[in-house]
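Visitor: Dropping a prediction and its sequence here:
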There are 2 protein chains.
Amino acid sequence: MKIATWNVNSLNVRQPQVLEWLMNQQPDVLALQELKLDQDKFPIAALQMMGWNAVWSGQKTYNGVALISRHELHDVHIGLPEMADDPQRRVIAATVNGVRVIDVYCVNGESLDSPKFDYKRQWFAALTHFVRDELTRYPELVLLGDFNIAPTDEDVYDPKKWHEQIHCSSEERSWLKNLLDLGLHDSLRHLHPTGAFYTWWDYRGAMFEKGLGLRIDHVLVSANLLAKLQSVQVDTDTRANERPSDHAPVVAVFG
Amino acid sequence: MKIATWNVNSLNVRQPQVLEWLMNQQPDVLALQELKLDQDKFPIAALQMMGWNAVWSGQKTYNGVALISRHELHDVHIGLPEMADDPQRRVIAATVNGVRVIDVYCVNGESLDSPKFDYKRQWFAALTHFVRDELTRYPELVLLGDFNIAPTDEDVYDPKKWHEQIHCSSEERSWLKNLLDLGLHDSLRHLHPTGAFYTWWDYRGAMFEKGLGLRIDHVLVSANLLAKLQSVQVDTDTRANERPSDHAPVVAVFG
DNA sequence: GCATTTCTCG
DNA sequence: CGAGAAATGC
């Protein structure tokens, strides 16, 4: 089973790249973030024509998440129960081949002193409670997406510059640890305990060309699935596309 | 001698089309309007690389005019003497092979009751005085560009709809007549006394596809040049380009 | 830097 | 409708 996550930063712009990527990669599940399109603008026809199923939660301009699969998507759940009246579309979950897949576009937070950081704090608490609940029902579970948190300084191109900055603060890292403490594992670090595996590079300043990024997109898996984990890769090839997303896909394969 | 005028509605966007058009048409002079780029943003390097000379008066966002030629451009004059402190770049004149070429992007005016219509009135008076003065020195003179005036109802796709509207009012037509009364002649009507020869079609409502336009771009010539006039054409082929200007070039050939 | 919206202009 | 500016978000 191949499961991938990709923050596409506008599915309108990246649609051809996503279709081509699906053709080439043939994942069992692709989780997308930052669709930036309204619910009724999702290109479901083009996907179905190519034999893909999809569920999505769209929003105009901002956010938006989707799960795309060759298989059936069961028990679809949208949003966080504790943030029922939050208009931001950041969470979609579904069961594929018995595996619970939770796709998240976590709050960015802007900076530690921003009101958006408080929202990020609340949002991660609500996510943790939701995932804890899901784990009681689904032993095989994947929580994946854009977390907007770099777990350790090894996931940051310049840890001094980013010290206690957004994405890298100890408080944010504690939120990520809370998720792992539910019984989840960072699949990439399980197979690659050291080394740089960035998934995001700022468009500004040709950061990708310079190899300067952050690892903020993750595939977290329950112990049950960890046992079957075969490989995890960051597909930096997508950055060679003409109008690339600022994020690269992370692809995990399970036996 | 082949002399043409083309309102390009952003030279940034239309630059490749203009270069291709120059290659194919090989005019002696091409007069451009609505460059919509700042003085230091004019693509002089690309033009020189292809063997063209140019003089221009650029302005950010609005207006902007240029003269492009294979030949030398002498005695360049920018602006209207009576509107010396007008920041709008609408007039550039130069002498090519002994012919005085005055390129104008005349004021639109918006509507008869707009303050911009008063500006149009003043501006045409200042233009008339300038051209009168130029004619005293240059017997062979071409005044060409986007006049934003349709000379007669035959130059309008729906004269009833446009009756006494902007571009078509009797007052504006009197301003155009004032210019002709200086000793200029409407080259297109000289060779084609009747018939529709539109040069502009509103982007809105697929007006070009419906054949509904106005003739507001003109090539006016002194008697001396009229004697040598061989042909005048509107090059509607440019409208088949991918991102066309809303104006088509008008091309006049002199023997 | 890239994507998006809203605004102004023609 | 198509162009540019300015503002916002990441």
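Guide: Now that the structure is in, tell me what you want to look at.

Visitor: residue boundaries of the helices in chain A?
Guide: A:11-25, A:44-49, A:115-137, A:159-162, A:170-180, A:187-191, A:223-226 (DSSP state H).

Visitor: Can you lay out the ones you listed as a markdown table showing mean neighbour count and distance to DNA strand C?
Guide: In short, each C-beta sits where N, CA and C put it, glycine included. Written out in a markdown table, the entries for the helices of chain A read as follows (neighbours: other CB atoms under 10 Å in any protein chain shown; distance: least, CB to the nearest atom of the strand, whole Å):
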| stretch | mean neighbour count | distance to DNA strand C |
| --- | --- | --- |
| helix A:11-25 | 16 | 4 |
| helix A:44-49 | 13 | 16 |
| helix A:115-137 | 17 | 16 |
| helix A:159-162 | 12 | 17 |
| helix A:170-180 | 16 | 20 |
| helix A:187-191 | 19 | 24 |
| helix A:223-226 | 16 | 33 |
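
Visitor: any idea how far residue B:91 is from the most centrally placed residue in chain A?
Guide: Compute the mean C-alpha point of chain A, and by CA atoms, centre = their mean the closest residue is residue A:145, 0.8 Å away. The spacing between residue A:145 and residue B:91, counted by CB to CB, to the nearest Å, is 58 Å.

Visitor: now the residue nearest to the centre of chain A: how far from DNA strand C?
Guide: As for residue A:145, its distance to DNA strand C is 19 Å (criterion: CB to the nearest atom of the strand, to the nearest Å).

Visitor: Enumerate every residue touching that residue.
Guide: Contacts here follow CB atoms under 8 Å, 6 or more residues apart in numbering or on different chains; on that basis residue A:145 touches A:5, A:7, A:31, A:33, A:65, A:102, A:103, A:104, A:105, A:106, A:217, A:218.

Visitor: Now for the first one: which residues touch it?
Guide: By CB under 8 Å, 6+ apart, residue A:5 lies in contact with A:30-33, A:103, A:144-146, A:217-219, A:249-250.

Visitor: again, only this time at 7 Å
Guide: When the contact criterion is CB atoms under 7 Å, 6 or more residues apart in numbering or on different chains, the partners of residue A:5 are A:31, A:144, A:145, A:217, A:219, A:249, A:250.

Visitor: And the third one, by the same measure?
Guide: With contact taken as CB under 7 Å, 6+ apart, residue A:31 is in contact with A:4, A:5, A:67, A:101, A:103, A:144, A:145.

Visitor: and what of the last one?
Guide: Residue A:218 makes contacts with A:144, A:147, A:186, as judged by CB under 7 Å, 6+ apart.

Visitor: Between these, which sits nearest residue B:174?
Guide: Here the nearest of the contacts of residue A:218 to residue B:174, counting by CB to CB, is residue A:147; it sits at 70.2 Å.

Visitor: Return the residues in contact with the nearest residue to that closest one once chain neighbours are set aside.
Guide: The spatially closest residue to residue A:147, leaving aside those adjacent along the chain, is residue A:106, at 4.7 Å (CB to CB, 6 or more residues apart in numbering or on different chains). By CB under 7 Å, 6+ apart, the residues touching residue A:106 are A:90, A:124, A:145, A:146, A:147, A:148.

Visitor: DNA strand D contacts on the stretch 1-150 of chain A?
Guide: Proximity of the stretch 1-150 of chain A to DNA strand D is assessed by CB under 7 Å from any atom of the strand, with A:62, A:108, A:110, A:116 identified as the residues in range.

Visitor: In this structure the last one contacts residue A:110, no?
Guide: Right, residue A:116. Yes: using CB atoms under 7 Å, residue A:116 and residue A:110 qualify as a contacting pair, with a distance of 4.4 Å.

Visitor: Top of the contacts of residue A:5 by number of neighbours, please.
Guide: Scoring the contacts of residue A:5 on neighbours with other CB atoms under 10 Å in any protein chain shown, the highest-scoring entry is residue A:31 at 32 neighbours.

Visitor: Enumerate every residue touching the nearest residue to it once chain neighbours are set aside.
Guide: Using CB to CB, 6+ apart and skipping residues adjacent in sequence, the residue nearest residue A:31 is residue A:103, 3.7 Å away. With contact set as CB under 7 Å, 6+ apart, residue A:103 has these partners: A:31, A:65, A:67, A:92, A:93, A:144, A:145.

Visitor: List the buried residues in stretch A:95-113.
Guide: Along stretch A:95-113, the positions that meet the burial threshold by neighbour count (16 or more other CB atoms under 10 Å in any protein chain shown) are A:95-96, A:99-109.

Visitor: got a pLDDT number for the closest residue to DNA strand D within the stretch 1-150 of chain A?
Guide: Closest to DNA strand D within the stretch 1-150 of chain A is residue A:108: 4.1 Å, counting by CB to the nearest atom of the strand. For residue A:108, the pLDDT comes out at 97.

Visitor: Settle this for me: it is touching residue A:148, isn't it.
Guide: Yes: counting by CB under 7 Å, a contact exists between residue A:108 and residue A:148, whose distance comes to 5.0 Å.
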